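K.L.:
fold the following, please.
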Amino acid sequence: MSIDPRTPVLVGVSAVVQRPENPADASEPLDLMERALRGAAADAGSEALLTEVDSIWATRGFWAYADPGRILADRFGAKDVRTIVAEIGILQSTVLGRAAQSIVNGDADVVMIVGAEAKDRAARLQRAGREVPLTEQADVEPDEVLVPHAEIMGQFEIDLGLITPTIQYAMIDNALRFHEGQSMEDHKSELGSLWGGFNEAAVANESAWNRTPMTPEEIVTPTEGNRMLAYPYTKSLVSQWNVNQSAGLVLCSYEKAQALGLDASGFVYPLAVVDSEHMVTLSERRDLWRSPGFELAGRRAFEHVGREPSEIELFECYSCFPAAVRTQQRAFGIPLDRRVTQTGGMTFGGGPLNNFVLQSWVKMIEQMRAQPGSHGVVTAVSGLITKQGVTVFGPEPSCPFLYDQVTKEAEQALHTKAVARDATGRARIVAYTVSHDMNAAHGVALVADFEDGRRTLRVVDDPEWMALGEREELCGREIDVLADGTVAWA
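P.N.:
So this is what the prediction gives:
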């Protein structure tokens, strides 16, 4: 088969995880990035990639470097390197899609993508009253900065304290339960089974942050060490950000890979990257339990590569919370008993903020190499399933690389509701959670719809309501929204 010389190919990947007993022995994010990219070059089999890199793409994390790619290029001895920083709110799939497209267009021959977090290091040093040494970088700007075009949350949501992803994702999960007519007990069982599979994957993943085995029952049962955060989410059902992890990838044009004499047996090809960037705050979505963006992005990607989800061997569904995974399972038509992670997900594998998808890509490439001929899918989410991305990898370039958007189609498919801050009258609860967060909304956070099509949000900080919401289904129940902002059972 003749391969287009401008075909993008992933030639090297590397993931780094540090869990030293002494936090002072852990590296800062910049050094973790360097280790990951050097490891990726070594994995590809050529240190020349470090000096011949054309662009370095960094995904923003809990770090303040203005342009980490510039420092990395200097350390590698690379010249005339274009640097890009993708801010929080930019899909990681967008980074891969644009980077790979730059190769197709002839703008680059060697591209590096990197991200890192060392929040565990920082937190442990701070608790010990010690300084957190970091490289300072001033008066420097990257060649390009990617920023989101809209806000993730609405002002009404912020004013009510619905500011944590845990609260909003829990509402999505409960809305999905009610939509499917599932009992609370069956919902709990599904969450345990789903996250139990993620835990098993993490135990087998040497790059996972938390490899401690847990049973499904242990994951979903509140205890002193596994407290309830926002019903039905215990601590073991949410993303773990306090990690020391990094990931790096190297892509080349096919002709550059050949010129460097790289071993083609390790090549993996990005075949399609499809994003949806239509942004609507959670409270404005008519169907809180559904993601038309994922349905459309998945369909476009799968059609391009000529494979149904059932014909793709390996999946890594973005897994900040169970609601994200459960929504994707429905969007793609994936059986609920199918394993959809290779890493262990953001709870167990580790969720380094804007870097988790990079961790997923590394593990996916490793798994595909271990299963010759296999295809893999890695998804991405920004915000509260606000943006969606689908990437398909293959063992050979069976189709031209596609980087596409389904944003306009998603805008047409996603129906919205007008949210009225001061609305009063009889309404029906369509989503809720019981939040135990003392630094955000505390109590029963609910979304309620009026018969005239409007919607409102309320938080009821009442122990009886909280106990009831964890014992009985509140979705579908009618309430009276009063002029003073309170609510009462109808």
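
K.L.:
for the closest residue to Arg307 other than its chain neighbours, give its distance to Met368.
P.N.:
Leaving out its chain neighbours, the residue that sits closest to Arg307 by C-beta to C-beta, 6 or more residues apart in numbering is His375, at 6.4 Å. Where you see a C-beta, it was placed from the backbone N, CA and C, and this is true even at glycine. Going from His375 to Met368 by C-beta to C-beta, to the nearest Å gives 8 Å.

K.L.:
which neighbours do these two share?
P.N.:
314, 393, 395 (C-beta atoms under 8 Å, 6 or more residues apart in numbering).

K.L.:
just the ones of the residues you listed in strands?
P.N.:
The strands, defined by DSSP state E, take in 314, 393 from the shared contacts of His375 and Met368.

K.L.:
for the shared contacts of His375 and Met368, pick the one with the most neighbours.
P.N.:
Phe393 (23 neighbours; other C-beta atoms under 10 Å).

K.L.:
before we move on, the earlier item: can I get the shared contacts of His375 and Met368 in a markdown table with distance to Ser2 and pLDDT?
P.N.:
Listed next are the shared contacts of His375 and Met368 as a markdown table, based on distance: C-beta to C-beta, whole Å; pLDDT from 0 to 100:
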| residue | distance to Ser2 | pLDDT |
| --- | --- | --- |
| Leu314 | 27 | 98 |
| Phe393 | 21 | 98 |
| Pro395 | 17 | 97 |
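
K.L.:
now, which of the shared contacts of His375 and Met368 sits nearest Ile113?
P.N.:
Nearest to Ile113 out of these is Phe393 (C-beta to C-beta; 13.9 Å).

K.L.:
distance check, the closest one against Met153.
P.N.:
Computed as C-beta to C-beta, the Phe393 to Met153 distance reads 32 Å.

K.L.:
what do you get for Thr386?
P.N.:
Per C-beta to C-beta, Thr386 is found 9 Å from Met153.

K.L.:
identify the contacts common to the two.
P.N.:
Listed as contacting both Thr386 and Met153 by C-beta under 8 Å, 6+ apart are 281-282.

K.L.:
which one's more surrounded, these two?
P.N.:
Neighbour totals were compared for Thr386 and Met153, and Thr386 leads with 24 against 17 (other C-beta under 10 Å).

K.L.:
would you mind measuring from the more buried one to Ala410?
P.N.:
Here the criterion is C-beta to C-beta. By it, Thr386 lies 11 Å from Ala410.

K.L.:
ok, the residue nearest to Arg307 - contacts?
P.N.:
Neighbour list for His375: 305, 307, 311-314, 368, 392-395 [criterion: C-beta under 8 Å, 6+ apart].

K.L.:
if we use 6 Å, what do you get?
P.N.:
By C-beta atoms under 6 Å, 6 or more residues apart in numbering, His375 lies in contact with 312-313, 394.

K.L.:
likewise Val95?
P.N.:
Taking C-beta under 6 Å, 6+ apart, we find Val95 in contact with 57, 86, 113.

K.L.:
neighbours around Ile84, how many?
P.N.:
Neighbourhood size, Ile84 [other C-beta under 10 Å]: 22.

K.L.:
that one contacts Ala58, correct?
P.N.:
No - assessed by C-beta atoms under 6 Å, Ile84 is found out of contact with Ala58, at 7.1 Å.

K.L.:
so which bits of the lengthiest helix in the chain are buried?
P.N.:
Assignment by DSSP state H gives helix 184-203 as the longest helix of the chain. Within helix 184-203, the residues scored as buried using 16 or more other C-beta atoms under 10 Å are 184, 187-188, 190-192, 194-202.

K.L.:
try stretch 102-115
P.N.:
102-104, 108-115.

K.L.:
for stretch 427-444, same thing?
P.N.:
Residues 427, 429-437, 440-444 are the ones in stretch 427-444 that count as buried (16+ other C-beta under 10 Å).

K.L.:
tell me the one of those nearest Phe450?
P.N.:
Ala427 (4.9 Å).

K.L.:
can you say which helix or strand has that closest one in it?
P.N.:
For Ala427, the host element (DSSP states H and E) is strand 425-436.

K.L.:
once you drop chain neighbours, what's closest to Leu91?
P.N.:
Distances taken as C-beta to C-beta, 6+ apart put Gly389 closest to Leu91, at 4.3 Å, once the chain neighbours are dropped.

K.L.:
list the contacts for the closest residue to Ile163 other than its chain neighbours?
P.N.:
Of all residues not flanking Ile163 in the chain, Ala440 sits nearest, at 5.2 Å (C-beta to C-beta, 6+ apart). With contact taken as C-beta under 6 Å, 6+ apart, Ala440 is in contact with 161, 163-164.

K.L.:
roughly how far apart are Ala440 and Cys475?
P.N.:
Taking C-beta to C-beta, one finds Ala440 at 21 Å from Cys475.

K.L.:
then Phe321?
P.N.:
Here Phe321 is placed at a distance of 18 Å from Cys475 (C-beta to C-beta).

K.L.:
for Asp139, same thing?
P.N.:
Distance, Asp139 to Cys475, by C-beta to C-beta: 53 Å.

K.L.:
what do you get for Ser319?
P.N.:
Counting by C-beta to C-beta, the gap from Ser319 to Cys475 is 24 Å.

K.L.:
more neighbours: these two, which one.
P.N.:
More crowded of Ser319 and Cys475, by other C-beta under 10 Å: Ser319, with 27 against 19.

K.L.:
tell me the SS of that one?
P.N.:
Following DSSP: H, G, I helix; E, B strand; the rest coil, Ser319 is assigned to coil.

K.L.:
if I pick it, what's in contact with it?
P.N.:
Residues near Ser319 by C-beta under 6 Å, 6+ apart: 325, 345-346.

K.L.:
so what pLDDT did it get?
P.N.:
Looking at Ser319, its pLDDT reads 97.

K.L.:
ok, for it, nearest residue in space, not its chain neighbours?
P.N.:
Gly345 (3.5 Å).
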